[in-house]
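> kindly return the folded structure for what I paste below:
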Amino acid sequence: MEVIRNMDQDERFEQAVRVTGAGLFVNLGLTIFKLFAGVLGNSAAMLADGVHSLSDFLTDLVVILGFEIARKPVDRTHNYGHGKVETLSASLVGLMLFVVAGQTFLYGLRKSLLVINGETLQQPALIALYAAILSILSKELMYHYTIRHARKINSMALTANAWHHRSDALSSVCTMIGVGAAIFLGGRWTVLDPLMAVFLSLFIFKVALKISCSSVNELIEASLDEKTNAEVREIILNTEGVRALSNMKTRKIGSNIAVDVHIKVDSGLNVGEADRIALHVEHSLKKTFGPYTYVLVKAEPDIPEPPIHPGKTGVCLRKEAETRPEEWGSEERNPDENR
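Residues are numbered from 1 along each chain as shown. Model prediction:
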């Protein structure tokens, strides 16, 4: 799980919307042409492919809406911003891919069973083959265009949409093979179309599962990957004045990360000095992971754990003399007050 480093949020969302918008117009054009070619060319495979492109078009609308909401700033009811909406968009794309995989599988299975039972599939016209070739070229280009920008801005929603483009391209490959075999070979070779559709559905299902698992993990507040966590620990421990850290919690909020950590500092420091160290930790993390990183640092005095006295199980005594209570926000108490 990677994170964006030092990228302006407005620039990031503008790139995402621009890339998705380009895909939206491509999908709209392909949907119209494929449905027309499917009807005119008498190709059930091309009609199914047209429905797939229609799902891509609807997905683009969902992703664009998600980016427009996610770019909203922090407000009174959303103290951490709206970044989770981007993750939610990715999960919706994953869900749509599951639907596409299921439809493709059922279509291929049904047609395959018809051929097995002795039925001959109708031979399509050349326009269906041309539509499939055009779809392969345009959707594969859209995949590479979208995935390049998705990696650049580290967007799970854009990555999911890129794979939706590729699933449509692969669907068109199956359609091209099936339609081409039906046109040029005829007879029993028409079964290649539904068999390839079944194979394709398994690939789409695998992609949908990967996207859905990643997005759901973020939605349920999964911690960052171990590599990023190790980098966060190293930055904190290398900050001057930090002796140790504990209770570190990390998570991802859209494209940003959140870090909640307790640091141990010299017990002889006053509150102001301890706060300055905590502030240095926050600045170091934001310098590395970007200015929109959410950081909460609590400084605590580094006091050795006291021994447990024999006969007093569970009772820990601390050397109060090692701390300076008046400088950590506590008041000196007169020993006689509690007598």
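> wasn't S246 part of a strand?
Yes - counting by DSSP: H, G, I helix; E, B strand; the rest coil, S246 is found in a strand.
> beta partners for it?
H262 (DSSP bridges).
> what about it, neighbour count?
Close neighbours of S246, defined as other CB atoms under 10 Å, add up to 10. (C-beta placed from N, C-alpha, C; glycine too.)
> could you do the one 4 residues further on as well?
Neighbour count for T250, taken as other CB under 10 Å: 18.
> could you list every residue that touches S89?
Listed by CB atoms under 8 Å, 6 or more residues apart in numbering, the contact set of S89 reads 62-63, 65-67, 70, 157, 160.
> excluding residues flanking it in the chain, which one is nearest it?
With sequence-adjacent residues excluded and distances taken as CB to CB, 6 or more residues apart in numbering, S89 is closest to G66, at 2.9 Å.
> can you name every helix or strand that the helix or strand hosting the one you found contacts?
Following DSSP states H and E, one finds G66 within helix 44-70. Under the contact criterion of 3 or more CB pairs under 8 Å, 6 or more residues apart in numbering; DSSP states H and E, helix 44-70 touches helix 9-40, helix 84-116, helix 126-153, helix 156-184, helix 192-219.
> save the contacts of S89 as JSON lines, and put in pLDDT, neighbour count and distance to L192 too.
Listed next are the contacts of S89 as JSON lines, based on pLDDT from 0 to 100; neighbours: other CB atoms under 10 Å; distance: CB to CB, whole Å:
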{"residue": "V62", "pLDDT": "81", "neighbour count": "19", "distance to L192": "33"}
{"residue": "V63", "pLDDT": "82", "neighbour count": "29", "distance to L192": "33"}
{"residue": "L65", "pLDDT": "85", "neighbour count": "15", "distance to L192": "39"}
{"residue": "G66", "pLDDT": "81", "neighbour count": "27", "distance to L192": "38"}
{"residue": "F67", "pLDDT": "81", "neighbour count": "24", "distance to L192": "39"}
{"residue": "A70", "pLDDT": "75", "neighbour count": "25", "distance to L192": "43"}
{"residue": "A157", "pLDDT": "81", "neighbour count": "30", "distance to L192": "35"}
{"residue": "A160", "pLDDT": "84", "neighbour count": "28", "distance to L192": "29"}
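> now those in JSON lines, with distance to F199?
Shown next, in JSON lines, are these (distance: CB to CB, whole Å):
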{"residue": "V62", "distance to F199": "27"}
{"residue": "V63", "distance to F199": "27"}
{"residue": "L65", "distance to F199": "33"}
{"residue": "G66", "distance to F199": "31"}
{"residue": "F67", "distance to F199": "33"}
{"residue": "A70", "distance to F199": "35"}
{"residue": "A157", "distance to F199": "27"}
{"residue": "A160", "distance to F199": "22"}
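> from those, which is closest to L92?
Nearest to L92, judged by CB to CB, of those is V62 at 5.3 Å.
> quick one, what contacts the closest one?
Counted by CB under 8 Å, 6+ apart, V62 has contacts 89, 92-93, 96.
> before we move on, what about Y130?
A37.
> next one: it from M46, what distance?
Y130 sits 10 Å away from M46, taking CB to CB, to the nearest Å as the criterion.
> what do you get for S167?
Applying CB to CB to S167 and M46 gives a distance of 16 Å.
> what does L192 give?
Applying CB to CB, the value for L192 to M46 is 15 Å.
> of these two, who's got more company?
For L192 versus M46, the count of surrounding residues by other CB under 10 Å is larger for M46: 32 against 19.
> excluding chain neighbours, what is closest to that one?
G38 (3.7 Å).
> how about L296, secondary structure?
Reduced to three states by three-state DSSP, L296 is strand.
> mind listing what it touches?
L296 sits in contact with 258-261, where contact means CB under 8 Å, 6+ apart.
> redo that, cut-off 7 Å
Counting by CB atoms under 7 Å, 6 or more residues apart in numbering, L296 makes contact with D260.
> partners of it in the sheet?
Here L296, judged by DSSP bridges, has bridge partners D260.
> low-confidence ranges, the chain, go.
For the chain, applying pLDDT under 70 flags the ranges 1-9, 44, 120-122, 186-188, 193, 255, 305-339.
> would you turn the contacts of V62 into CSV with distance to R148?
Shown next, in CSV, are the contacts of V62 (distance: CB to CB, whole Å):
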residue, distance to R148
S89, 19
L92, 23
V93, 18
M96, 22
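> of all these, which comes closest to I177?
The closest of these, once distances to I177 are taken by CB to CB, is M96, at 24.4 Å.
> returning to that earlier point: closest to D56 among the contacts of V62?
Nearest member of these to D56, counting by CB to CB, is M96, at 8.7 Å.
> I figured the closest one hits F57, correct?
No - using CB atoms under 7 Å as the test, M96 is too far from F57 to be in contact (10.9 Å).
> contacting residues around stretch 33-53?
27, 30-31, 100, 107, 122, 124-125, 127-128, 131-132, 135, 168, 171-172, 175, 178-179, 193.
> centre of the chain versus it, how much separation?
32 Å (CA atoms, centre = their mean, to the nearest Å).
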